[in-house]
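Novice: predicted coordinates and the sequence they were generated for:
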Amino acid sequence: MIRIIACIPLFLVACGHNFNHPTPPQFVELEDQNEYQYRAVSADGTVVAVREIEHEPKGDLAFWSKAIVNQMRTRAGYALLGEKDIQTKSGLAGKQIRLGHDRGQKPHLYTITVFVTS
């Protein structure tokens, strides 16, 4: 299973099935999400969201991180701003990916954090 955690502008989305975390301060949880089990938004339009995806064929963290970067760069037009290895408190390795995209005069930042759990 791939777990993706994203902090994104309102026009982008991600979701989650087994994500258990309190909603951050100054955010409200969005309920009744047909495609999403967890999504929260701030007053300025920043979204925190989680998506859990079954991955077939099986791939490791390096594979899925690269696939996500390729998708965001080639299909969505985002520029790669940086990547960082991270780890959960329980020791699960992850990758944090930062991307950027300008819409008119307004920059949009997209941070994606990927964990592969099975």
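Specialist: Perfect, thanks for sending it.
Novice: now the residue nearest to Leu109 when sequence neighbours are not counted: which helix or strand?
Specialist: Excluding its sequence neighbours, the residue lying closest to Leu109 (C-beta to C-beta, 6 or more residues apart in numbering) is Gly100, at 5.5 Å. Placement of C-beta: from N, CA and C, glycine included. Using DSSP states H and E, Gly100 sits within strand 93-103.
Novice: what residues does that strand touch?
Specialist: 61-62, 65, 68-69, 72-73, 76-88, 107-115 (C-beta atoms under 8 Å, 6 or more residues apart in numbering).
Novice: and the end-to-end length of stretch 24-38?
Specialist: 12 Å (C-alpha to C-alpha, to the nearest Å).
Novice: for stretch 82-93, that is, sorry about that
Specialist: Stretch 82-93: ends 17 Å apart by C-alpha to C-alpha.
Novice: retrieve the pLDDT associated with the residue lying farthest from the centre of the chain.
Specialist: Distance from the centre of the chain peaks at Gln105, with 23.7 Å (C-alpha atoms, centre = their mean). According to the predicted model, the pLDDT of Gln105 comes to 83.
Novice: name the SS class of Glu31, please.
Specialist: coil (DSSP: H, G, I helix; E, B strand; the rest coil).
Novice: now for it, how many residues are close by?
Specialist: 8 (other C-beta atoms under 10 Å).
Novice: what's the answer for the one 5 residues further on, then?
Specialist: By other C-beta under 10 Å, the residues close to Tyr36 number 18.
Novice: my read is it is in a helix, agree?
Specialist: No - per three-state DSSP, Tyr36 lies outside any helix segment and is coil.
Novice: next, give phi and psi for it.
Specialist: For Tyr36, the backbone dihedrals (degrees, to the nearest 10) come out as phi -120, psi 140.
Novice: thought it was touching Ala49?
Specialist: Yes - between Tyr36 and Ala49 a contact is recorded at 6.6 Å, counting by C-beta atoms under 8 Å.
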